[in-house]
Each structure stands twice: as structure tokens, then as C-alpha cells.
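Visitor: With the input below, show me the fold.
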Amino acid sequence: MAFVLNDRVKQTSTSTGTGTINLSATAETGFETFVAGIGDTNSTFYCISHDVTSYFEVGIGTVTDATPDTLARTTVLNKSLGTTAKINFSGTLDVFCTISLSKWVYLFSTVTSFGAASA
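Guide: Next comes the predicted model:
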């Protein structure tokens with residue numbers, strides 16, 4: 001299990017409640033699925049967004065390759081409702097990989113140099 005960040009990872013979900021998110025079977029057009037972009041059992045920063053209510057949640061979650069693929073909401077870092085409790089979502093949700101600005105500032109301050117990724 002590793003912590004993985006990747007660009008252009010996005011799926012939808014119709015999960016309800018505050019638990020693990022069941023991800024759609026395919027990625028949004030032009031994006032990768034969480035299993036393809038992050039990998040089974042790996043953790044990542046995520047954002048769950050509900051367009052109708054404008055609610056969002058940013059956190060750290062763990063991806064599972066299953067039927068359906070899932071994203072376990074391990075730690076909530078920020079959300080539109082002002083606390084770190086998980087939002088009780090319903091309806092169609094956008095779920096995507098992001099980076100938490102508060103965590104990025106910490107990571108950036110601890111790195112002395114950046115190099116290009118190797119293939």
C-alpha cells in the first residue's frame with residue numbers, strides 16, 4: 001500500500017450516506033478510473049462534489065479493486081459544511097483525485113529539490 005497522486009482521475013458515484021463510496025464502472029470521458037490511476041489498496045487525496053447542493057468533501061481515501069470499485073473515506077481534511085465529519089451524501093456525485101492545499105504546503109516545505117519523474 002502506497003500513497004499515490006495522479007492527474008485526471010475521475011469517476012461518478014450514486015452512493016448514499018457517510019461510508020465507503022462505490023465508484024461507477026467507467027471513468028469520466030478523458031479521465032482514468034481510481035483503480036487505473038491510483039491502484040488497488042493505495043491511498044490518495046480525493047474530492048467528492050455534489051453539484052446540486054454545492055457540498056464538497058476533501059480527504060484521504062483508500063482505493064479497492066472490486067465489483068464495484070470503491071473509495072474508503074479514511075480521513076476528512078476539509079469540507080463545505082465546516083467540520084471534519086463525513087458528509088451524508090445522496091444523489092449523483094463527482095469523485096476525483098485532488099491535492100489538499102494544506103497538506104501540499106507541508107509537503108512542499110519539507111522538500112529541498114524537485115526532479116522530473118522517471119518513466
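Visitor: how about the helices in this protein?
Guide: Under the criterion DSSP state H, the chain contains helices at 34-37, 101-110.
Visitor: Tell me where the model's unsure across this protein.
Guide: Low-confidence segments of the chain (pLDDT under 70): 104-119.
Visitor: And the strands in it, which stretches?
Guide: Per DSSP state E, the chain carries strands over the ranges 10-13, 21-22, 43-50, 55-64, 70-79, 93-97.
Visitor: how about those in JSON lines, adding distance to residue 36 and mean neighbour count?
Guide: (Each C-beta comes from the backbone N, C-alpha and C, glycine too.) Compiled in JSON lines, these are given as follows (distance: least, CB to CB, whole Å; neighbours: other CB atoms under 10 Å):
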{"stretch": "strand 10-13", "distance to residue 36": "10", "mean neighbour count": "21"}
{"stretch": "strand 21-22", "distance to residue 36": "17", "mean neighbour count": "22"}
{"stretch": "strand 43-50", "distance to residue 36": "12", "mean neighbour count": "21"}
{"stretch": "strand 55-64", "distance to residue 36": "10", "mean neighbour count": "21"}
{"stretch": "strand 70-79", "distance to residue 36": "13", "mean neighbour count": "18"}
{"stretch": "strand 93-97", "distance to residue 36": "11", "mean neighbour count": "21"}
